[in-house]
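>>> using only what follows, build the 3D model:
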Amino acid sequence: MEIINRQANHNYFVIDTYEAGIVLSGTEIKSIRNGKCNIKDSYAIVKNNEVFLLNTHISSYEQGNRFNHDETRTRKLLLNKSEILKLKNKVELEGYTLIPLKIYFKGSHAKVALGVCKGKKNYDKREVLKEKDIQRELEKNNKYR
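Model prediction:
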């Protein structure tokens with residue numbers, strides 16, 4: 001099961017990606033396996049040489065009675081120290097943002113593809129849409145020849 005942030009490529013230029021593990025509770029992992037997760041408004045921050053994922057909505061597990069989790073709690077991401085320092089430098093010095101691109105499973109562990117992104121302006125978004133339309137028209141014309 002993959003949870004994909006579809007708006008990330010529309011709103012940001014993705015410069016680099018990192019794979020990070022997530023610290024989750026049992027009911028959170030079960031909800032993610034059921035696909036009950038939303039990372040549309042999520043972002044990550046570097047605080048005290050640790051990386052945290054904010055605004056990720058993981059719905060409560062239906063069979064999870066009193067042991068259920070808080071749906072939008074801050075979750076810690078697991079990265080190497082050198083990767084954290086690289087991310088910290090990019091975010092603080094160069095003004096990039098850390099956006100989760102997708103959550104997926106690698107074996108039995110949940111992973112996050114964390115993108116180092118730069119925001120797009122409205123004219124950048126229009127330019128990308130224009131290029132897609134031109135490409136679509138070219139493919140359509142080649143198909144009928």
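>>> where exactly do the helices run in this structure?
8-11, 26-33, 81-94, 122-143 (DSSP state H).
>>> dump these into JSON lines; add mean pLDDT and distance to residue 20 as well.
Where C-beta positions appear, they are placed from N, C-alpha and C, glycine not excepted. JSON lines is the format used below for these (pLDDT from 0 to 100; distance: least, C-beta to C-beta, whole Å):
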{"stretch": "helix 8-11", "mean pLDDT": "89", "distance to residue 20": "15"}
{"stretch": "helix 26-33", "mean pLDDT": "88", "distance to residue 20": "15"}
{"stretch": "helix 81-94", "mean pLDDT": "92", "distance to residue 20": "8"}
{"stretch": "helix 122-143", "mean pLDDT": "89", "distance to residue 20": "27"}
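>>> and of the ones you listed, who's closest to residue 2?
helix 26-33 (10.0 Å; C-beta to C-beta).
>>> what pLDDT does the residue nearest to the spatial centre of the chain get?
With distances taken as C-alpha atoms, centre = their mean, the residue of the chain nearest its centroid is residue 100 (1.5 Å). Residue 100 is assigned 95 on the pLDDT scale.
>>> single out the most deeply packed of the helices of the chain.
Comparing these by mean neighbour count (mean count of other C-beta atoms under 10 Å), helix 26-33 ranks first with a mean of 19.
>>> kind regards, and thank you for your time.
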